[in-house]
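[1] what follows is a predicted structure for the sequence shown.
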Amino acid sequence: MPSGSDRGTTTADSPVSLPLKYEGGSEKRPNNELTAGDAKSKKMHKTFAKAIKRVSLHPDYHEGSRIHKNHLNNIGMYLAPEEKAKIFAKHGKSATDTGSAEGQIALFTYRIDHLTGHLKANHKDYNTERSLVKLVGKRRSLLDYLMKKDIMRYRAIVKELGLRK
């Protein structure tokens, strides 16, 4: 078999001439058999062609723009910066005060609600389930901290967010 630099040439020890570039068809060897490399290239070509077709049919596609495959489903961010600012403005001291316990608890509650809705539709998504449990634990820790620090702030945030305790 020729090395990478010998591709496309025929030498005495390699009687088979390989094409210089892949055209997308099925280049066959002299004995009319596809090799594993040819089959793989053909499969990759078909996959790539399907992806190009999917991108070009997408409503957000513009000629010359480059859209990554992760952005084709048009889901968007579930927590935009504006939404975060509203949460912190409502529950924290200000929209830019992202460190207050009340703001963090409110943000965790928003994320927990979002993940709970996701898990209702995708009950086998165990990674999301694990992150939900971790998030609930973080919120619980912040609530415990707030209860020890200032019981009135704790009672206010629990009542405001509608948490059980």
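    Nice, thanks for sending it over.

[2] following element in sequence after the helix or strand containing S141, please.
    Assigned by DSSP states H and E, S141 falls within helix 126-149. Next helix or strand after helix 126-149 toward the C-terminus (DSSP H and E): helix 151-161.

[3] packing partners of that next one?
    Packing partners of helix 151-161 (3 or more C-beta pairs under 8 Å, 6 or more residues apart in numbering; DSSP states H and E): helix 81-91, helix 101-121, helix 126-149. In short, each C-beta sits where N, CA and C put it, glycine included.

[4] re the thing from before, quick check: angle from the helix holding S141 to helix 151-161?
    Orientation check (axes from the mean of the first three to the mean of the last three C-alpha atoms, to 10 degrees): helix 126-149 against helix 151-161 gives 140 degrees.

[5] just the helices and strands packed on helix 151-161: most buried one?
    helix 101-121 (a mean of 17; mean count of other C-beta atoms under 10 Å).

[6] counting by contacts, list what that one packs against.
    Helix 101-121 packs on helix 81-91, helix 126-149, helix 151-161, going by 3+ C-beta pairs under 8 Å, 6+ apart.

[7] please save the CA atoms from the last one in CSV.
    Taking C-alpha atoms only, helix 151-161 is exported to CSV below (Å, rounded to 0.1, in the frame of the first residue of the first chain):
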residue,chain,number,x,y,z
ILE,A,151,-34.4,34.1,59.6
MET,A,152,-36.5,37.0,58.3
ARG,A,153,-34.8,37.0,54.9
TYR,A,154,-35.1,33.2,54.8
ARG,A,155,-38.9,33.3,55.4
ALA,A,156,-39.3,36.1,52.9
ILE,A,157,-37.6,34.3,50.0
VAL,A,158,-39.3,31.0,50.8
LYS,A,159,-42.7,32.8,50.7
GLU,A,160,-41.9,34.8,47.6
LEU,A,161,-40.7,31.7,45.6
